[in-house]
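Colleague: Can you look at this prediction? I've put the sequence above it.
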Amino acid sequence: MLILKSAWGIIHHTVHILMEGTPSSINQTAVKEALERIDGVKDVHDLHIWTITSGLDSMSCHILVKDGWDCQQILQQAIELMEKEFTIHHRTIQVEN
């Protein structure tokens with residue numbers, strides 16, 4: 001029982017990673033709102049954030065861009081935002097217009 005009690009934190013954290021749970025250090029609503037604040041972004045959907053391994057978070061999403069805006073520039077801004085503000089270095093962002 002003593003071993004199980006002391007190992008509970010590691011077991012809980014491991015199960016959370018294996019189930020691809022959202023990291024507790026990242027607020028998914030804040031990520032979506034930050035992406036939507038980029039000029040030219042109309043909508044952000046299918047946003048998923050999960051932990052690949054301890055200390056390595058990943059995200060994927062779709063960004064809908066307003067007509068007449070440069071999709072590549074918006075994509076670059078979104079990549080930089082995820083890295084600087086949320087320290088998400090592994091990201092997949094699909095841009096739609």
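Modeller: Ah, there it is.
Colleague: List the pairing partners of the longest strand that the chain contains within its sheet, with orientation.
Modeller: The longest strand of the chain (DSSP state E) is strand 41-53. According to DSSP bridges, strand 41-53 forms sheet pairs with strand 56-65 (antiparallel).
Colleague: in stretch 88-97, what's buried?
Modeller: 88, 91, 93, 95 (16 or more other CB atoms under 10 Å). No exception for glycine: its C-beta is placed from N, CA and C like everyone else's.
Colleague: do stretch 29-38 as well
Modeller: Quick answer for stretch 29-38 (16+ other CB under 10 Å): 31-32, 34-35, 38.
Colleague: same question, stretch 81-88
Modeller: In stretch 81-88, counting by 16+ other CB under 10 Å, buried: 81-82, 86, 88.
Colleague: what does stretch 51-60 give?
Modeller: So for stretch 51-60, counting by 16+ other CB under 10 Å, buried means 51, 57-59.
Colleague: Start and end of it, how far apart?
Modeller: 12 Å (CA to CA, to the nearest Å).
Colleague: what's the angle from the host helix or strand of Ala30 to strand 56-65?
Modeller: Using DSSP states H and E, Ala30 maps to helix 28-36. Angle, helix 28-36 to strand 56-65, by axes from the mean of the first three to the mean of the last three CA atoms, to 10 degrees: 40 degrees.
Colleague: Can you name every helix or strand that helix 28-36 contacts?
Modeller: strand 41-53, strand 56-65, helix 71-86 (3 or more CB pairs under 8 Å, 6 or more residues apart in numbering; DSSP states H and E).
Colleague: the inter-axis angle of the second one versus helix 71-86?
Modeller: This means strand 56-65. Relative orientation of strand 56-65 versus helix 71-86 (the same axes, to 10 degrees): 140 degrees.
Colleague: No more questions from me, cheers.
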